[in-house]
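A.B. asks: Quick one: sequence and predicted model below, then my questions.
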Amino acid sequence: MVNATVSNKDKNVEKVNTLGKVSGIMLNIALTALIIGMVTCIVISIYFCTLPKDAVALKGDFKGSVTVSHELPEKFIVINEEDVEVGKEGRQLKYSVTENRDEDNNKVYDISFLLDKLTGTELKVVAAGAMALIALSLLILSIIVIFGKKLAKALETCDSPFEDNVLKKMKSFGFSLIPWALYKLIVGNLGGITTVIFVLIVLLFISVFNYGAKLQRESDETL
């Protein structure tokens, strides 16, 4: 009976080792992709910064309307009225939304969008900022992957998932998720809140796992 128990324990540990090895391979691939993405974003950002002022000029005019039936609840679809003008004397970008009623008492939103002579100067700022934001997100994800690799390595070589080295790497991985949660909360809205909740659940799971490992050690010492 004792030998059967030990053998079963060894098989379970082998499964943990295999999981750690497979996870490590996948995380290596993910880290490579993230690094390539960061480099690409940096190169594109630099490229846009070198564009001359008149490299690109955009011009467009759009007008349309959205009709909302009076049979729908008042708060079901709401489009806020806007009157935005950007550029010298408001000639570069104009955006407006006005709310009216038709003869059937339906809401009618008249939308107007005018883009005139948006040049490389504005595009450089927008493009460089967007690429920098993407690069930052990829950097944070890369940090998470690096700590995930360390956890996977500890699982691959452990004799028990309750080893101090595994628990230490698990804590570090959990803490590495916090910057990503803060980033998503700042740049996102509902998605940011969802990410924060997910990270809190992971941290809670890690705390429970560590507490279980502590109880297991105390039980082993008692025996």
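C.D. replies: Cool, got the structure. Predicted model only: the values in this text are computed from it and were never measured. Residues are numbered from 1 along each chain as shown.
A.B. asks: Now the residue positioned nearest the centre of the chain: which helix or strand?
C.D. replies: By Cα atoms, centre = their mean, the chain has its centre lying nearest to K184, at 5.7 Å. Assigned by DSSP states H and E, K184 belongs to helix 164-187.
A.B. asks: in that helix, what's buried?
C.D. replies: 166-167, 169-171, 173-174, 176-177, 180-181, 183-185 (16 or more other Cβ atoms under 10 Å). Every residue, glycine included, has its C-beta placed from N, CA and C.
A.B. asks: can you check stretch 183-200 too?
C.D. replies: 183-185, 192, 195-196, 199.
A.B. asks: Put the alpha carbons of it into CSV.
C.D. replies: Provided in CSV are the C-alpha atoms of stretch 183-200 (Å, rounded to 0.1, in the frame of the first residue of the first chain):
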residue,chain,number,x,y,z
TYR,A,183,-2.8,49.9,-16.9
LYS,A,184,-6.1,48.5,-18.1
LEU,A,185,-8.0,50.4,-15.4
ILE,A,186,-6.4,53.7,-16.6
VAL,A,187,-6.7,53.2,-20.4
GLY,A,188,-9.9,51.2,-20.4
ASN,A,189,-13.3,51.3,-18.8
LEU,A,190,-15.4,48.1,-18.4
GLY,A,191,-12.6,46.0,-19.7
GLY,A,192,-10.2,47.5,-17.1
ILE,A,193,-12.6,46.7,-14.3
THR,A,194,-12.9,43.1,-15.6
THR,A,195,-9.1,42.8,-15.7
VAL,A,196,-8.8,44.1,-12.1
ILE,A,197,-11.4,41.6,-10.9
PHE,A,198,-9.6,38.7,-12.7
VAL,A,199,-6.2,39.7,-11.2
LEU,A,200,-7.8,39.9,-7.7
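A.B. asks: chain center to it: distance?
C.D. replies: Here the centre of stretch 183-200 is set off from its chain's centre by 8 Å, with Cα atoms, centre = their mean, to the nearest Å.
A.B. asks: For that stretch, what does the pLDDT average out to?
C.D. replies: The pLDDT scores in stretch 183-200 average 77.
A.B. asks: Could you do stretch 68-88 as well?
C.D. replies: 68.
A.B. asks: go on, stretch 127-138?
C.D. replies: Per-residue pLDDT over stretch 127-138 has a mean of 88.
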